[in-house]
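>>> Below are the sequence and a predicted model; questions follow.
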Amino acid sequence: KVLIIDFGSQYTQLIARRVRELNIYSEIHPFNKIPTNVHDYKAVILSGSPMSVRSEKAFHPDLSEIRGKKPLLGVCYGAQYLAHFSGGQVAESNTREYGRANLSFVQENEPFLRGISAGSQVWMSHSDTIKQLPTGGKLLASTHDVENAAYKIEGETTFAIQFHPEVYHSTDGKQLLENFLVHIAGVNPDWTPNAFVEETVAELKEKLGNDKVVLGLSGGVDSSVAAMLLHKAIGKNLYCIFVNNGLLRKNEFSSVLQQYEGMGLNVKGVDASARFLEALAGESDPEKKRKAIGRVFIEVFDDEAHQIKDVTWLAQGTIYPDVIESVSATGGPSATIKSHHNVGGLPDFMKLKIVEPLKALFKDEVRRVGASMGMDKQLLGRHPFPGPGLAIRILGDITAEKVRILQEVDAIFIDGLRQWDLYDKVWQAGAILLPVNSVGVMGDERTYEKVVALRAVESTDGMTADWVDLPYKFLQKVSNDIINKVKGVNRVVYDISSKPPATIEWE
Ligand code: XMP
């Protein structure tokens, strides 16, 4: 495995992903918490940073266990770090070095640069520049503006590059990482989804033995893949609970439950719709709705878990982006926009040990692992759906009737996306029931009924998003179907806001 030491660059996660795309497992650790077992890592990469090495507060970890002992690659700040603190010189740059550049000099016969030639496009993003290489430094590549774009330190397997190989715009970036990791550091590129499944199942068997494990299924990708891995490892000792909070999509509870049973999972469906609706009655504040749903979920789940005799583990579908400890450049916490997500949702009164088989994976890797276990494509390709479900898509207070209306509208929209082959082109889609009535006319009758908004966005992680330019013909068809088929709705609008400044959900 490969260790990535994070100095807080916005691109650090990308380094991990690029390395993994080479079928090499990598882990990110913050510079101030470098693991003590560095010997278990085959190579080390230092990330970029918003910090300057010239600053008094420069991040300056002790690398004596790594430097000269392990193959080491410094990227951007990492490269400046290796220069500045080892006899080189880093100064403020007098030209702005952001964006595209091309290599103008490339050292020949250098294994690190195998397959890369002058002209290759690289992506720069820094305001300091390396004026003088460190002791033992040998220049390997330059661009027009940046003389010391790449260097190595003789007598060590230490390399450094000023540009970012991890971003897409560095066209030979992946080649460079492969040169370093596979050809120089000798790491075996054998980390594939199949290998992950085999390894994880073996580890889970060893760790869990004959213990019983309880897991909450949500119908989403993560909990489903986590369940499948555990099922392979411990079979019937995995007790899955799938709670219907009454706020799922139309027919979702029964169809997903059936699908889980078809996968051989030991799953209990619990219909607690009434309990949730009761807790939500009269509540229209979005955060209070979320809290009420969270609270009832824990109560229901706990009741169910208590019925499993001698259960000792709680499994969760936590994925890697939820657990990476980030290095904050400002030190301050970020503002809570919405009290999102169900991370850390273990109630005190359930003293269970936690097992998280997907903790090391990015979302796309979870999907690939699921596919390698033969899981249904449609299940793996599902759009994300928020835990509080339709409750945060019904603006204002919630009633059974409003849920029913929104389920009908949502089903027409989502089925339409599938029929028009648009579903997989959209990252997330849904309908929102607005708390306004508008005037319409049907036949000779005046109507005064609800307005619904449709929302479809493209995104990679939900952090930023843009609305999808769905074909007018499609919107026309869906709008007609909704107004004609769903009693109580007489107007459909399409949301054309990006995130930021809007969010994906309306509440
Ligand atoms: P926003 O609305 O913040 O949503 O742009 C970003 C992503 O998060 C989902 N979301 C939630 N998921 N509990 C969840 O499990 C929540 O309370 C919640 N609120 C928003 C949203 O669907 C989108 O994918």
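Structure received.

>>> Please see if the helix-or-strand element of the chain with minimal mean pLDDT touches the ligand.
Across the helices and strands of the chain, mean pLDDT, DSSP states H and E gives its lowest value to helix 320-323, namely a mean of 85. No: if you take Cβ under 6 Å from any ligand atom as the test, helix 320-323 misses the ligand, and the best it gets is 11.2 Å. The way it works is simple: take the backbone N, C-alpha and C, and place the C-beta from them, glycine included.

>>> helices and strands around whatever helix or strand comes next after that helix, which ones?
Using DSSP states H and E, the next helix or strand after helix 320-323 towards the C-terminus is strand 353-355. Under the contact criterion of 3 or more Cβ pairs under 8 Å, 6 or more residues apart in numbering; DSSP states H and E, the helices and strands touching strand 353-355 comprise helix 193-208, strand 311-315.

>>> any chance you could map the helices in the stretch 251-400 of the chain?
Taking DSSP state H, counting those that start in this stretch to define them, one finds helices in the stretch 251-400 of the chain at 252-262, 273-280, 286-306, 320-323, 363-372, 377-380, 400-419.

>>> Now do the contacts for the closest residue to residue 318 other than its chain neighbours.
On the basis of Cβ to Cβ, 6 or more residues apart in numbering, the spatially nearest residue to residue 318 that is not a chain neighbour turns out to be residue 356, at 4.5 Å. The neighbourhood of residue 356, defined by Cβ atoms under 8 Å, 6 or more residues apart in numbering, consists of 226, 315-318.

>>> can you list the residues of the stretch 351-500 of the chain near the ligand?
Applying Cβ under 6 Å from any ligand atom, we find that the stretch 351-500 of the chain lies next to the ligand at 384, 386-388, 428, 462, 499.

>>> quick one: least confident of these?
By predicted confidence, those are weakest at residue 462, whose pLDDT stands at 85.

>>> Would you confirm that residue 439 belongs to a helix?
No: using DSSP: H, G, I helix; E, B strand; the rest coil, the secondary structure at residue 439 is strand, not a helix.

>>> Just give the closest residue to it, not the sequence neighbours.
Nearest non-adjacent residue to residue 439 (Cβ to Cβ, 6+ apart): residue 448, at 5.6 Å.

>>> and if you look at residue 226?
On the basis of Cβ to Cβ, 6+ apart, the spatially nearest residue to residue 226 that is not a chain neighbour turns out to be residue 317, at 4.1 Å.

>>> Check residue 158 too.
Distances taken as Cβ to Cβ, 6+ apart place residue 72 nearest to residue 158, at 4.6 Å, with adjacent residues excluded.

>>> correct me, but that neighbour touches residue 44?
Yes: proximity of residue 72 to residue 44 meets the contact threshold set by Cβ atoms under 8 Å, at 5.0 Å.

>>> Find residues that contact each of these two.
Residues within reach of residue 72 and of residue 44 at once, by Cβ under 8 Å, 6+ apart, are residue 66.

>>> before we move on, back to that, among the helices of the stretch 251-400 of the chain, which is nearest residue 200?
With Cβ to Cβ as the criterion, residue 200 lies closest to helix 363-372 of these, at 8.3 Å.

>>> Which positions within the closest one qualify as buried?
Under the neighbour-count criterion of 16 or more other Cβ atoms under 10 Å, helix 363-372 has 363, 365-370 buried.

>>> Turn those residues into JSON lines, including distance to residue 12 and pLDDT.
Shown next, in JSON lines, are these (distance: Cβ to Cβ, whole Å; pLDDT from 0 to 100):
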{"residue": "363", "distance to residue 12": "17", "pLDDT": "89"}
{"residue": "365", "distance to residue 12": "17", "pLDDT": "94"}
{"residue": "366", "distance to residue 12": "20", "pLDDT": "96"}
{"residue": "367", "distance to residue 12": "22", "pLDDT": "95"}
{"residue": "368", "distance to residue 12": "22", "pLDDT": "95"}
{"residue": "369", "distance to residue 12": "23", "pLDDT": "97"}
{"residue": "370", "distance to residue 12": "26", "pLDDT": "98"}
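
>>> Looking at the residues you listed, which one is closest to the ligand?
Proximity of these to the ligand was ranked by Cβ to the nearest ligand atom; the top entry is residue 363 with 11.3 Å.

>>> Residue in the stretch 51-200 of the chain with the shortest distance to the ligand?
Distance from the ligand to each residue of the stretch 51-200 of the chain (Cβ to the nearest ligand atom) is smallest for residue 168, at 23.4 Å.

>>> on that earlier part again, show me the residues around the residue nearest to residue 158 that make contact.
Going by Cβ under 8 Å, 6+ apart, residue 72 touches 43-46, 63, 66, 82, 156-159.

>>> Mind checking which of those land in helices?
Taking DSSP state H as the definition of helices, the contacts of residue 72 contribute residue 82.

>>> Residue 478 is in contact with residue 413, correct?
Yes: the pair residue 413 / residue 478 is scored as a contact, 5.6 Å apart, by Cβ under 8 Å.

>>> shared neighbours of these two, anything?
Where contact means Cβ under 8 Å, 6+ apart, the residues bridging residue 413 and residue 478 through contact with each are residue 454.

>>> Okay, buried residues for stretch 182-189 please.
Taking 16+ other Cβ under 10 Å as the neighbour-count basis, stretch 182-189 is seen to contain the buried residues 182, 184-185, 187.

>>> Next step: those residues restricted to strands.
Secondary structure assignment (DSSP state E) places none of those within strands.

>>> Looking at those, which is nearest residue 473?
residue 182 (49.2 Å).

>>> before we move on, the earlier item: now render the contacts of residue 72 as JSON lines, adding pLDDT, neighbour count and distance to residue 114.
Putting those into JSON lines (pLDDT from 0 to 100; neighbours: other Cβ atoms under 10 Å; distance: Cβ to Cβ, whole Å) gives the following:
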{"residue": "43", "pLDDT": "98", "neighbour count": "25", "distance to residue 114": "16"}
{"residue": "44", "pLDDT": "98", "neighbour count": "24", "distance to residue 114": "20"}
{"residue": "45", "pLDDT": "98", "neighbour count": "29", "distance to residue 114": "18"}
{"residue": "46", "pLDDT": "98", "neighbour count": "29", "distance to residue 114": "21"}
{"residue": "63", "pLDDT": "95", "neighbour count": "23", "distance to residue 114": "26"}
{"residue": "66", "pLDDT": "97", "neighbour count": "21", "distance to residue 114": "24"}
{"residue": "82", "pLDDT": "97", "neighbour count": "27", "distance to residue 114": "21"}
{"residue": "156", "pLDDT": "96", "neighbour count": "15", "distance to residue 114": "19"}
{"residue": "157", "pLDDT": "97", "neighbour count": "18", "distance to residue 114": "15"}
{"residue": "158", "pLDDT": "98", "neighbour count": "24", "distance to residue 114": "17"}
{"residue": "159", "pLDDT": "98", "neighbour count": "28", "distance to residue 114": "12"}
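
>>> Packing partners of the helix or strand that contains residue 435?
Taking DSSP H and E as the definition, residue 435 sits inside strand 428-442. Based on contacts counted as 3+ Cβ pairs under 8 Å, 6+ apart, the elements that strand 428-442 packs against are helix 400-419, strand 445-458, strand 489-494.

>>> Show me what counts as buried in the last one.
The one in question is strand 489-494. Buried residues in strand 489-494, counted by 16+ other Cβ under 10 Å: 489-492.

>>> Likewise for the longest one?
The neighbour-count check on helix 400-419 (16+ other Cβ under 10 Å) flags 402-403, 405-414, 416-417 as buried.

>>> Which strands or helices does it pack on?
Packing partners of helix 400-419 (3+ Cβ pairs under 8 Å, 6+ apart): strand 428-442, strand 445-458, helix 472-485.

>>> Go again with 10 Å.
The elements that helix 400-419 packs onto, with contact taken as 3 or more Cβ pairs under 10 Å, 6 or more residues apart in numbering; DSSP states H and E, are helix 252-262, helix 273-280, strand 428-442, strand 445-458, helix 472-485, strand 489-494.
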